[in-house]
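*Asks:* Return a 3D structure for these sequence lines:
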Amino acid sequence: MAQRSATLSALNEADVQLAISSINSRQIQSNRNAAAIYSVSERTIRRRRAGVPARRDCQPNSRKLTQREEEVIIGYILDLDQRGFAPTYEARALCEDPALIRSWFKLVEETKTKYSICDKNVYNFDEAGFIMGKITTQLVVTGSERRGRPKAIQPGNREWVTLIAAINAAGWSIPLFLVFAGQYHLSA
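*Replies:* Numbers count the residues shown, from 1 in each chain. Below is the predicted model of the structure:
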């Protein structure tokens with residue numbers, strides 16, 4: 001049914017355009033006569049001549065992106081798919097070009113020099129969350145970003161653990177921090 005109405009709409013729009021061109025070329029004298037001859041609405045002819053586009057040619061109010069933005073996003077997703085990446089692949093890989101990030105590293109070096117900061121005092125910290133569950137007598141650890149449900153984990157016997165790792169610019173690291181769930185005691 002949608003196919004049929006779309007076809008009728010296209011035919012109707014073609015008739016409207018023919019009616020307008022007949023009026024503009026002075027073959028037909030009035031909107032009313034053109035509407036009767038081409039079996040279209042007189043109001044539609046008036047609106048098109050006044051510059052109001054057909055509804056199918058207008059962008060809906062609920063649409064958030066322009067046509068160009070949609071095309072760019074679709075092209076980006078297809079490009080990622082072609083290269084074997086998921087559509088959620090982050091654009092941070094674009095910043096791997098040394099020419100693009102050289103100024104940032106220069107600023108870091110200037111700041112380290114200005115404040116006499118040694119490499120051994122510059123750290124990078126990272127954290128990862130894990131969910132732990134017990135399968136009979138074994139403990140299973142899976143990543144918190146994991147999709148789907150891990151196999152054979154007993155419901156109700158789960159605990160979140162956070163791992164914090166740190167390494168400095170000189171190349172050595174401090175021992176890992178494992179943060180387990182604790183109990184909250186309200187004190188007055």
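*Asks:* Read off the pLDDT value for residue 65.
*Replies:* Note for residue 65: predicted pLDDT of 86.
*Asks:* With residue 167 instead?
*Replies:* On the pLDDT scale, residue 167 gets 94.
*Asks:* Please give the element, helix or strand, for it.
*Replies:* Secondary structure from DSSP states H and E places residue 167 in strand 158-168.
*Asks:* Tell me where the protein has strands.
*Replies:* Ranges of strands within the chain are 123-135, 138-143, 158-168, 173-180, based on DSSP state E.
*Asks:* Among those, show the one with the smallest mean pLDDT.
*Replies:* Minimum mean pLDDT among the strands of the chain: strand 138-143, a mean of 47.
*Asks:* re earlier: which of the strands of the chain sits closest to residue 33?
*Replies:* Checking the strands of the chain against residue 33 by CB to CB gives strand 138-143 as the closest, at 73.2 Å. Every C-beta, even on glycine, is put in place using the N, C-alpha and C of the backbone.
*Asks:* what about the helices in the protein?
*Replies:* 2-24, 31-38, 42-49, 67-82, 98-114 (DSSP state H).
*Asks:* Figure out which of those is closest to residue 121.
*Replies:* helix 98-114 (9.0 Å).
*Asks:* quick one: contacts of stretch 18-36?
*Replies:* Outside stretch 18-36, the residues that touch it by CB atoms under 8 Å, 6 or more residues apart in numbering are 37, 38, 40, 41, 42, 44, 45, 46, 48, 49.
*Asks:* okay, these in TSV with neighbour count next?
*Replies:* Below are the contacts of stretch 18-36 laid out as TSV (neighbours: other CB atoms under 10 Å):
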residue	neighbour count
37	14
38	19
40	22
41	14
42	15
44	19
45	22
46	14
48	18
49	15
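*Asks:* for those, which one is nearest residue 17?
*Replies:* Among these, and counting by CB to CB, the member closest to residue 17 is residue 48, at 7.7 Å.
*Asks:* Save the strands of the chain as TSV, and put in distance to residue 68 and mean neighbour count too.
*Replies:* Formatted as TSV, these follow (distance: least, CB to CB, whole Å; neighbours: other CB atoms under 10 Å):
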stretch	distance to residue 68	mean neighbour count
strand 123-135	38	13
strand 138-143	38	12
strand 158-168	43	14
strand 173-180	46	10
